[in-house]
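S.K.: Structure for this input, please:
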Amino acid sequence: MYITMIYSRNAYCDSQFSTTRGFVLAVGCLVVSATFVSAAFTGLALPPLDISPLQYGGSWASANSLVFTDLMKHSSAFTFGWRRVGSNGTWMYVSPSDVAMRPDGYPAGLDSKSNTSVWSAATVIGKDGAYYKAGRYVVLYDGNGTLELNGDATWPPVSSTPGRIEVDLTPSTTGLSVRITSSLPSNPLNNIRIVPLANESNYQENVFHPEFLAMLQGIPLLRFSAWMRASSDPTNARNSPRSWAARTTPQHNSQVRDSDGVAVEHMVQLANTVGANMWISLPRAANESDPYIYGIVSYIAANLSSNLTLTVEYGTDGPGWLGSHLSNSTRLISAVARKAWADAGRPRAQLRMVMTTNWQSPANTLSLAGSNLSYIDAYALPGSFGGNAYWAWAGKSNPTYWGDPSYLSTRASAPALSTVLKYLRSSVIAADVGYYKSYEWIKSLGLDVLAYMSGPDMVGALYGARSNFDRATRACGSNTTVWPCTFTNIYPPLAYQGAPSSITWTSASQFDNTMQAMAANASKEADLESVLRQARIHDTMYDMMLDSLWRWHNQTGGGDVVVDLSRTAKNCYEAAGSYTRTYAPDECKGTADAAALVVAKP
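M.R.: The predicted structure follows:
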C-alpha cells in the first residue's frame with residue numbers, strides 16, 4: 001500500500017501554521033492535505049457550540065462565536081429579570097416559568113403585571129471569550145420593543161431606529177450581552193439578527209462565517225453528533241424521542257438549543273456548501289413512523305446534493321451497548337430512516353446505517369444484536385490511539401490509560417513529556433493490532449468498518465484524587481464549624497490503597513492531616529494533566545496522527561474515518577480540581593491563562 005501527500009495546504013492552513021502549532025491545528029489541515037490510496041474518506045467531527053473558551057482537553061474554542069455570520073445564532077438561553085420602573089439598578093431574578101414563550105424561543109411579550117416594575121430578557125454571545133471580529137455591526141429585529149447591548153458593545157449605539165441598530169463591537173472575555181428591555185405582548189420583539197454591517201444585505205445567503213468555511217475546505221465527510229446534542233447515555237433526555245413540530249428551525253432565537261441543537265436546514269446547507277457527506281446522530285424512535293426521525297431524514301434526502309451520502313447512527317458511543325438497548329434502538333431508527341430515504345426517491349446505496357460503540361472489541365456488542373444484522377450496513381470502531389489502545393494485548397499493562405484513577409498508584413510522579421510521547425507512539429501500533437482483529441471479524445459478517453473518533457485519547461481522571469480533594473473541601477473545609485463532619489461517596493482511590501465508602505473527621509486538625517495525603521495524589525494527577533496537554537499540542541503529534549490514519553486506510557483497509565478534535569473538551573467548571581483551582585488543568589486557572597493556552601481553531 002502507498003500514500004500520497006499533497007503538501008500544498010490550503011491558504012487558511014498556511015496562514016495559521018505560522019502562529020499556532022501542534023496536533024490540534026495540524027490534523028485539521030491534514031484532513032484536507034493527505035490523500036490516501038484507499039477510496040475511503042477522512043472526515044471531521046464538528047465541535048460543540050456551547051463549550052466556553054474556558055475549556056480544557058479541546059481545541060476549538062472559537063466555535064462559541066465564529067461559526068455563523070449572524071451572532072444571534074450563537075446566543076445562550078434567555079434569562080429574565082425585573083427592577084423598579086425608572087431604576088438603573090441590578091436586574092433581579094425572574095423564574096423562566098413565569099414568562100410566556102413563543103415557539104421560536106422568544107418571550108411572548110414582557111409584562112410584569114405591575115405598574116411599579118418592568119421585566120427584561122437577556123442573552124449572552126461569546127461569554128468568557130468571543131472570537132468575532134471587531135468592527136461595526138447591525139442589529140435587526142421584528143416586533144414592537146426595545147433592546148440594549150452591553151459588554152463587548154459600545155453603548156449608546158452609533159444609530160438606532162425601530163428594527164435597526166448600528167453598534168460597534170470589540171470582542172473580549174466579557175462577551176456580548178443582548179437584553180430585551182420591553183416587548184409588547186400583542187406584537188412581541190423577535191427575530192433578532194446581529195451581523196457585520198458589510199453582510200446586512202447577504203447574511204441570509206451567507207449563513208456561515210467565511211473563516212469557519214475555510215477550515216472545512218476540502219473535507220469530504222462531516223459528523224454532526226455534537227451539533228445534534230447526541231449522548232452516549234441511554235437514560236439521558238437527549239436520547240429520548242423528540243418532537244418534529246418543536247424542533248429547532250433557522251428562525252429560532254438560537255442554534256445552541258439544548259433540546260435538539262442546530263436546525264437540519266443549516267446542517268444540510270453546510271454540507272452542500274463545502275461538498276461534504278453527512279454523518280448524523282439521532283435519538284430513539286418512538287415507533288416505526290417516528291415523525292422526528294422521518295422528518296430529519298426526509299429533509300436531508302430532499303435537499304442534500306445528489307452526489308452526497310448520509311450516514312445515520314443512534315446517539316454516540318453506542319448508548320446501552322451493555323444490553324439489547326443499542327441494537328433495538330438502532331433497528332427501529334433504521335426502519336424509519338430507510339423508509340424516509342426511499343420515499344424521497346434517493347438511491348439506497350447513498351444511505352448507510354451504522355452502529356457505534358466506544359468499545360474496541362465489538363463482539364460484546366454484536367452478540368446482543370441478534371443473528372440478523374440486515375438493519376445496519378456498517379460498524380464503527382473508535383479509531384483513536386492512546387487511552388485504552390492496548391486492549392488487544394491481553395495481560396499487557398496499559399501505559400496510556402490516563403483516565404484510570406489508579407494510573408498513578410504505582411508511580412511516584414507523573415511521567416515526563418518524553419515518556420508520554422513514547423507511550424503514545426507505541427499506542428498507535430497497539431491500536432492498529434486491535435482494530436485489524438476487529439476489522440477482519442466485522443467484515444466476515446458482511447459489514448463495512450468505519451472509525452468515528454480518530455485522534456489521541458488524552459484525558460486525565462475525572463473521578464479521582466483531584467475530585468476527592470475538591471469534594472472533601474466543599475463538604476468539610478474552612479466553612480465547617482460543627483464537628484464531626486462526614487464525607488461520603490468517595491471516588492477511588494483515596495490514597496491508592498482502596499477507598500472506604502465514607503470518612504468522618506472529628507476535628508479540623510484531623511481533616512487537615514487527611515487532606516495532606518489527598519493533596520499529594522491530587523498534585524500528581526494535576527501534573528499528569530499538564531503533561532498530557534503538552535503532548536496534545538506537541539509537533540510530533542502530527543506525525544503520529546498521520547501514521548494512525550495511514551494504518552487505518554492502507555494497512556487495516558478500513559472505511560471512512562472521522563477525526564474528532566473536541567471529543568474530550570469540557571468546560572472548566574466541570575474539571576477535576578476546579579473548585580479549589582490549585583489542581584485544575586492548566587487551561588482552567590483563570591481567564592488570562594486560558595486565553596494563552598486554549599487553541600482557538602484546529
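
S.K.: Tell me the secondary structure at residue 83.
M.R.: Classification of residue 83 into helix, strand or coil gives strand, according to DSSP: H, G, I helix; E, B strand; the rest coil.

S.K.: since we're on it, how many residues are nearby?
M.R.: When neighbours are counted by other C-beta atoms under 10 Å, residue 83 registers 16. Where you see a C-beta, it was placed from the backbone N, CA and C, and this is true even at glycine.

S.K.: For the stretch 101-250 of the chain, which segments count as strands?
M.R.: Listed in chain order, the strands of the stretch 101-250 of the chain (DSSP state E, counting those that start in this stretch) span 117-125, 135-142, 145-151, 159-161, 164-169, 176-183, 190-196, 221-223.

S.K.: for the fourth one, packing partners?
M.R.: It stands for strand 159-161. Counting by 3 or more C-beta pairs under 8 Å, 6 or more residues apart in numbering; DSSP states H and E, the packing neighbours recorded for strand 159-161 are strand 164-169.

S.K.: Doesn't residue 322 belong to a helix?
M.R.: No - remark: residue 322 does not belong to a helix; assigned using three-state DSSP, it is coil.

S.K.: Contacts only, for it.
M.R.: Under the criterion of C-beta atoms under 8 Å, 6 or more residues apart in numbering, residue 322 has no neighbours.

S.K.: how much space between it and residue 234?
M.R.: Counting by C-beta to C-beta, to the nearest Å, the separation of residue 322 from residue 234 is 9 Å.

S.K.: domain parsing for this structure?
M.R.: The record's domain parsing of the chain by automatic domain parsing lists 3-66+209-398+446-461+543-597, 71-199.

S.K.: among those, which gets the worst mean confidence?
M.R.: Between these, the one with the least mean pLDDT is domain 3-66+209-398+446-461+543-597; it has a mean of 87.

S.K.: Helices of the protein, start to end?
M.R.: In the chain, the segments counted as helices under DSSP state H are 11-17, 23-33, 210-215, 264-274, 291-303, 325-343, 363-366, 417-444, 465-476, 508-536, 540-550, 591-597.

S.K.: Give the buried residues for the fourth one.
M.R.: Read it as helix 264-274. By neighbour count on 16 or more other C-beta atoms under 10 Å, the buried set for helix 264-274 is 264-271, 274.

S.K.: and which of these is nearest residue 490?
M.R.: residue 267 (43.1 Å; C-beta to C-beta).

S.K.: need the contact list for the closest one.
M.R.: 224, 227-228, 278, 280.

S.K.: Of the residues you listed, which is the nearest to residue 524?
M.R.: The closest of those, once distances to residue 524 are taken by C-beta to C-beta, is residue 227, at 36.7 Å.

S.K.: so the closest one touches residue 49, yeah?
M.R.: Yes - if you go by C-beta atoms under 8 Å, residue 227 and residue 49 touch, sitting 7.0 Å apart.

S.K.: between the two, who's got more neighbours?
M.R.: More neighbours sit around residue 227 than around the other of residue 227 and residue 49, counting by other C-beta under 10 Å; the figures are 28 against 21.

S.K.: The closest residue to that one other than its chain neighbours and residue 209: what is the separation?
M.R.: By the measure of C-beta to C-beta, 6 or more residues apart in numbering, the closest residue to residue 227 outside its immediate chain neighbours is residue 262, 4.3 Å from it. Taking C-beta to C-beta as the criterion, residue 262 is separated from residue 209 by 14 Å.
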